[in-house]
Structure formats: structure tokens, C-alpha cells
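Student: Give me coordinates for this.
(one chain, ligands or ions: 2)
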Amino acid sequence: MPTLKELLDTTAAMHRHLCPRQVSGVRMGLYAGELLGLALPQQDKRLFTIAETDGCAADGISVATNCWVGRRTLLVEDYGKVAATFVDTQTGQALRLAPRSSVRHAARPYAPQTASKWEAQLVGYQLMPAEELFDVREVVLRTPIEQIISRPGRKALCAACGEEIMNEREVARDGLILCRSCAGQSYYVRTAEAVEVELPGVALALGEPLHHCGQEEGWR
Ligand SMILES: [Zn+2]
Ligand SMILES: [Zn+2]
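Tutor: Ligands and ions are numbered 1, 2, ... in the order given. So this is what the prediction gives:
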């Protein structure tokens, strides 16, 4: 099993810096594995993770657990929170972990010699006992995990747009098989339609600055 240091080296290499959110993500993943009794990083797909943010924390979780979007073992429900639910797909047990509200403050005594709050978090989060870092709650998923994972290899064709739909994401509507987009659940409209309805966000797609986690570049 890799050490915390080795896992943090991996996330830091992916981001060209190490930050408290990566540390939180790695520790959250490791703690979830401990609580669920699963050896991590997993070599199979038994653990499924629902991360409540993208970015640095999510990559920390991925490196610790080996749950990835591309392996279909990680789903991002973007609530903008450094929190995640870890599901043992064999037993159905689901644990939601979130940093305790006191965590920033509590990190300080673990890193008294550090110059800033940020640095205290970076160091403190590596040293604090996991129970002091995270609140843990048993939860029940609104959508059963079997449905989230779906049956691999399933394919359908949308009766409206003709595009292929994988993983049972099709919708049955008035006797037709439709993709979510054609069924009215689309996150986008075509540009011509956007002009018609004067969507405020249309000009936004280009030239948005890449956001980082608020930390200076080059931190090691
Ligand atoms: Zn970061
Ligand atoms: Zn369609």
C-alpha cells in the first residue's frame, strides 16, 4: 500500500503543486477505505465514489482510491463541496465524508511553525487524526447504486437525434426511446435557439480564465 507521502507526490505531480484540498481528498479516500474495510487504491471496481466537487480534492480522492471518471467508478455531483460519498458496491454500504467545520482551526496546533493559515492547513491536514478531520455519516442513495453503474455494454439509439446512448441513460417517452437531451433534459441549446431566447450565458463559453484552487502556482 502506498504511503500518504507517495500519494501526495502523485497528486502534486498532476497539478504541479500540492494544496490542502489535495491532502483532504487523499485522506478522505484513505479513511473511507479504512472504514469500509477495503484495500486501497483498489485494483477492482468494488468501491464507487460520488465526489461533491471537481478539481484538486477530486484528484486527491481518485489517487487514494483509484476511482476515476474514466473507469466509471467516480461520479461528480458538483455541489462545490470538499465532500464525497463512498459506496461499497458489494454490500451497498454508503458513507459520506465531509471536513468538520472546525477543521481549519484545528489544523493550526499540528503545524505551529508554519507562516500562514494555508500552510498550516497543508501540513496539519497531513498530520491530524482522520476522526478530527472528517464527519462521517451513513447515507442512502436516492438513485440505487446498481442504476448509477448500470449494466455495461447496453446501447440504445435515440429516436429523435439518432445518436447512440450508452449505459442505460436513455429515456422512454410516449413509446419512443430518447436521449436525455431530446427528452428535454439538455444542459445546452443549439446556438440558433440560444439567440432566439437570448440566453445570457452564451458569450461566456470562450475566454474564461482557467481556475485553480486559489493557490499560487509553483507550490511544491
Ligand atoms: Zn490545488
Ligand atoms: Zn437524442
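Student: Quick check on the residue most central in space within the chain: phi, psi?
Tutor: Central residue of the chain (CA atoms, centre = their mean): A51, 2.8 Å from the mean position. When read as degrees, to the nearest 10, the backbone of A51 gives phi -90, psi 140.
Student: give me every residue that touches T10.
Tutor: 2, 63 (CB atoms under 8 Å, 6 or more residues apart in numbering). Heads up, the C-betas are built off the backbone N, CA and C, glycines and all.
Student: Would you mark the buried spots in the helix or strand containing it?
Tutor: Element membership of T10, judged by DSSP states H and E, is helix 4-15. Across helix 4-15, burial judged by 16 or more other CB atoms under 10 Å covers 7-8, 10-12, 15.
Student: Take these and lay them out in TSV including pLDDT and distance to ligand 1.
Tutor: Rendered in TSV, the data for the buried residues of helix 4-15 read as follows (pLDDT from 0 to 100; distance: CB to the ion, whole Å):
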residue	pLDDT	distance to ligand 1
L7	96	15
L8	96	11
T10	95	14
T11	94	8
A12	94	9
H15	90	5
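Student: Only alpha carbons, please: show the helix holding T10 as CSV.
Tutor: Output of helix 4-15 as CSV, limited to C-alpha atoms (Å, rounded to 0.1, in the frame of the first residue of the first chain):
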residue,chain,number,x,y,z
LEU,A,4,0.5,9.2,2.3
LYS,A,5,3.6,10.9,1.0
GLU,A,6,3.7,8.8,-2.2
LEU,A,7,0.0,9.5,-2.8
LEU,A,8,0.5,13.2,-2.3
ASP,A,9,3.5,13.2,-4.6
THR,A,10,1.2,11.7,-7.3
THR,A,11,-1.5,14.3,-7.0
ALA,A,12,1.1,17.1,-6.7
ALA,A,13,2.7,15.9,-10.0
MET,A,14,-0.7,16.0,-11.7
HIS,A,15,-1.3,19.6,-10.5
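Student: could you give the angle of the next helix or strand after that helix to helix 4-15?
Tutor: Scanning forward in sequence from helix 4-15, with DSSP H and E defining helices and strands, the next element found is helix 20-36. Between helix 20-36 and helix 4-15, the angle formed by their directions is 130 degrees, by axes from the mean of the first three to the mean of the last three CA atoms, to 10 degrees.
Student: So, low pLDDT: which residues of this structure?
Tutor: Across the chain, the stretches falling below the confidence threshold (pLDDT under 70) are 197-220.
Student: The residue nearest to N167 when sequence neighbours are not counted: how many residues sit nearby?
Tutor: Closest residue to N167 in three dimensions, ignoring its sequence neighbours and counting by CB to CB, 6 or more residues apart in numbering: S150, at 4.4 Å. Here the neighbour count serves as a burial measure; for S150 (other CB atoms under 10 Å) it reads 13.
Student: again with L176
Tutor: Close neighbours of L176, defined as other CB under 10 Å, add up to 13.
Student: Please list the residues of this protein that sit near ligand 2.
Tutor: Residues of the chain lying close to ligand 2 (CB under 5 Å from the ion) are 158, 160-161, 179, 182.
Student: ok, these vs ligand 1, which is closest?
Tutor: Ligand 1 lies nearest to C179 out of these, by CB to the ion, at 34.7 Å.
Student: Leaving out chain neighbours, which residue sits closest to that closest one?
Tutor: Once chain neighbours are set aside, the closest to C179 by CB to CB, 6+ apart is C158, at 4.0 Å.
Student: Next up, the contacts around that neighbour.
Tutor: Shown here is C158, whose contacts under the criterion CB under 8 Å, 6+ apart are 164-165, 170, 177-179, 181-182.
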